[in-house]
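Participant: Structure for the following, please:
(chains A and B)
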Amino acid sequence: MSQLIVQRRLQLVPQLPPQSNTEAKPQANPLARRPLLMVVTAALVCMSCAPRFDPPEDFDLEPPTAHATGPLSGEALDQRRHELERAQQDMVHFHATLESLHHRRDRNGLVLFSGFLDAYMGVHLESLLEGKWQSTHPELMALDANLRFAQAEVLIQMRAPRRVQAVIDEIETRYSGRESMLVEFPIGRQSTLEQGLEILSSRKWRG
Amino acid sequence: MRSILSRFIATSISGMGVLFALVDATPSRAANPEAWASYLDFAYVYSSADSKELSERLDGYGREAGISLPAYIASRIETREQTSEAERETSIRRRAIGYLLLYLADGKTASIEASADAAHELEPWLGRHENRYWYGYILAHYALENGHRFDFVGEVLELWLRVVVPLESPFEALQVLALSESPNSGFVSALPYVYENMARLVLIRSQQMGLDRDLDPLASVVRMLYDGRVGAHPDVIPVASSSRDYLERVVRRLDGSESDAGSLTFTLSLFEATKYHNEARGLLATTDFAAPTIEALRVATGAYEAALERADTLQGQTAVHTRVLRLLGEVYAARQRIGEDPEINSPFSIEGAVEVFSELYREGEGDGWKVIGYRRNGRQSYVDAMHGLWEEIQEASLNAADYYISRSVKDPTQADEHGRNAARLYSRYLAFFNRFAPSENQYAVPDSAYFAAHEAAKGVGDALLAYAANPTAAEIELATRRYRSAMLLFPFDRQLWPALTSALERQGRQSEYLDLVRPAAESVTKSRHVNSWIQNGEPGSKDIAQLRSALSNSRVLLYLGFANSPDFDNLEQSNVELVARRQKIATRVAQLTEQRATLTGARGDSPPASIGASNEPSSGQVSGLDSVRLREISGQLSEANNLLARLDGQIAAQSQALPLYRATLETEGLAGALRAQRDHPVHSLLRRMYQENRTF
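Facilitator: Next comes the predicted model:
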């Protein structure tokens, strides 16, 4: 069984899109994009259901994750958009819960929930925000920036000023020269990216 | 095997209910023990059913497979030797699921322990999402069974992180390609069931297992489940079969004014209490104060007490007091209706709610409302919560007082005591009203409070004068003052006016009537707000316009005070009699005038009984006996003319006032409508009139 799965993966790897930070040209025919997405999806499905096995140490041909690749057009782009939107909305829910726990001084709840958030950011969010391409992609950059601000807001509630500063630095680096773009920050309102950064910097110690 | 798989795929399209229907409709075939393998692999479809239904399902599957689940586990899983690692993994997973299903069906602790043991054996294969799901799901149940609340919360959060998050993107991709129902989609296609099962685990199962604290970190999971997840896949689980509706209500409460700064523990606790409250209310309506009703009321009160313990903020305490006062008011109303007075112990009281309201008012001033729990909901939510609590205080107070009034009627020997109890309850509400309504921050007072204050003020008067048998002089004086206050708060209540005259009569002060009622009448006739209400054709403006016309006529004021509405026909009859009497007098005047003219020989000089005609004969025209007769006739004529003039005045006054008075009789429904509807638009007019009167 394990042998079979290894073989299947080896067949799939060459068909996956190359890991790239550059933008790809949008494809004219949407139907033409489908096979690519089907392959990526099938690979993910197989991975998610595969039994555990130990690959040979000197042979590491793991396919790149979807998060690290650059789905730049079509349904793959839609999917990334959904992922960013969903993650941002989830961060809003996390923020509401953190605020509630702080309000009621629920220390046990805060410890438990902060642990979850650390893991969530480490396992999911960082890989989602890793690719530099989405910070420059015209259809995604606002979502990307919104998510980073939402993450910073959650980190403020988690009393993690150093990590907030790291997010600020990352936003400044990625969005240098685009300070006038609109972002959804503070949560539920809008401001320019520059104003958002100022607010973040002034609030990062408070929590 | 294929038929079972097909059935499960059909299930994933049509939802759990359809699955059960399909199984029910399936005739028993030849025994096939291995059918259990598929039933267990797809147990995420039906594992959240309630224990009775699940038990029936498992029995049905057992009949179809020809072997019960425990027997299958014992003979086919526990004892069978697995030749490969994959088989071992599958076997362990099925064993864990099998024991979990048995536990969920029969509740036996040994089953969940066996399931948890098997789940732990799955640890080497947790990279597979299916294993990770069952592992977390089983351990969450295990934590619930053992009351380990932090473990439960941790397992649910882990489920989200390790199962839901990684599956969401692949599931969406499969959906885009219409592959989510494909048999090859694996556990990814189970995601809608994972959402549903998690929702039921957190919202329902945790409460069934008595987990009533430290659930708050899961509020985020509940919000995320609500946000486009549970109920978002009607092709897999029909919305009606999902927990979407309940989830929506929970999230609304979490974010609404009846929250405790977003605490899930509190919200679920208050939901539990509300559930018991509804049960008690149902029993109260159907079985009156039978033993099960008393027990249900006790349980509901206890549940509210538990919810109050979970409330960390004033927001939460307010929510509990608001709901529990409703229960209290309902019990008083039932006592009045049923005529029984069972003993029901409750730690909650109207006084306690008044204290909470006072604290809410004090602490919420300025930006304080943010600190006491309403930060996320906004200030309006704070104001709504104050109004909600106020209205329950007023309703419970009025219901309790009405209950004592009804007892005073039923038991005349105790009428004095009950009447005074009622007066005390009404007075307590009036004190509460007086404390907040005149203040600058009257936003705390709902519109309906002003009519309720009218009812309470009138209630004090009625309780002391109409129900207490022997009121003291001071009580009669108090009742009179309260009637006047009631009149100022709501001058459109016709019953008040005769009540006031009755109170004045008991003190021998009827002559003061007009002086006392005129300010109330002028509060209507001179009111800018009443005028614009009528001009703008606001609700009830027709009635109010009629009443305003009536109150501007002092004769109508007298009618209102001294005539009872049933006497209206008599009043009209007396008007007819007056006209008839006038006719008689006029005839008499004509006769006397003629007689006088005959005696004086001045007949035809002036028309008989003409106004301004001299009744005195000129000297020298008559003499002797005729002179005596003439003086007599002249006296009678003068008397008749005076009476005629008085009758004319009376007839004119009655003709003008009676239609106005009649119009007031047709407006009696207004008070009833205001009593029944807290949101009746006229409540806001009463509020404005109250404030307007205070500025004079």
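Participant: ok, the helix or strand hosting B:Glu395 near chain A or not?
Facilitator: According to DSSP states H and E, B:Glu395 maps onto helix B:379-410. No - using C-beta under 8 Å from any C-beta of the partner chain, helix B:379-410 stays clear of chain A, with a minimum separation of 14.4 Å. No exception for glycine: its C-beta is placed from N, CA and C like everyone else's.
Participant: tell me which residues in that helix are buried?
Facilitator: Within helix B:379-410, the residues that qualify as buried are B:381-408, counting by 16 or more other C-beta atoms under 10 Å in any protein chain shown.
Participant: again, but for stretch B:271-281
Facilitator: B:Phe271, B:Glu272, B:Ala273, B:Thr274, B:Tyr276, B:His277, B:Glu279, B:Ala280, B:Arg281.
Participant: quick one: which of those residues is nearest to chain A?
Facilitator: The closest of those to chain A turns out to be B:Phe271 (C-beta to the nearest C-beta; 17.1 Å).
Participant: wait, doesn't that closest one sit right on B:Val250?
Facilitator: Yes - applying C-beta atoms under 8 Å, one finds B:Phe271 in contact with B:Val250, separated by 6.9 Å.
Participant: Can you get me a residue count around B:Asn570?
Facilitator: When neighbours are counted by other C-beta atoms under 10 Å in any protein chain shown, B:Asn570 registers 12.
Participant: Report the rounded mean pLDDT for stretch B:585-597.
Facilitator: Stretch B:585-597 shows a mean pLDDT of 87.
Participant: which residues in the chain form strands?
Facilitator: All of this refers to chain A. For chain A, strands defined by DSSP state E occupy the ranges A:182-183, A:191-192.
Participant: wait, I meant chain B there
Facilitator: Going by DSSP E, chain B shows no strands.
Participant: Show me the shaky parts of it.
Facilitator: Within chain B, the stretches with pLDDT under 70 are B:1-30, B:82, B:178-185, B:564-569, B:571, B:602-625, B:665-667, B:695-696.
Participant: per the record, what domains does it have?
Facilitator: Following automatic domain parsing, one gets these domains for chain B: B:2-212, B:411-604+B:622-696.
Participant: and B:Val163, what does it touch?
Facilitator: Shown in contact with B:Val163 (C-beta atoms under 8 Å, 6 or more residues apart in numbering or on different chains): B:His129, B:Arg132, B:Tyr133, B:Gly136, B:Val194.
Participant: if you set the cut-off to 6 Å instead, what comes out?
Facilitator: The neighbours of B:Val163, taking C-beta atoms under 6 Å, 6 or more residues apart in numbering or on different chains as the test, are B:His129, B:Arg132, B:Tyr133.
Participant: closest point of chain A to chain B, which residue?
Facilitator: Closest point on chain A to chain B, by C-beta to the nearest C-beta, is A:Ser100, at 3.2 Å.
Participant: List the contacts of that residue.
Facilitator: A:Ser100 touches B:Ala261, B:Gly262, counting by C-beta under 6 Å, 6+ apart.
Participant: One more pass at 10 Å, please.
Facilitator: Residues in contact with A:Ser100, defined by C-beta atoms under 10 Å, 6 or more residues apart in numbering or on different chains, are A:106, A:109, A:113, B:216-217, B:219-220, B:254, B:259-264, B:312-313, B:373, B:375-376.
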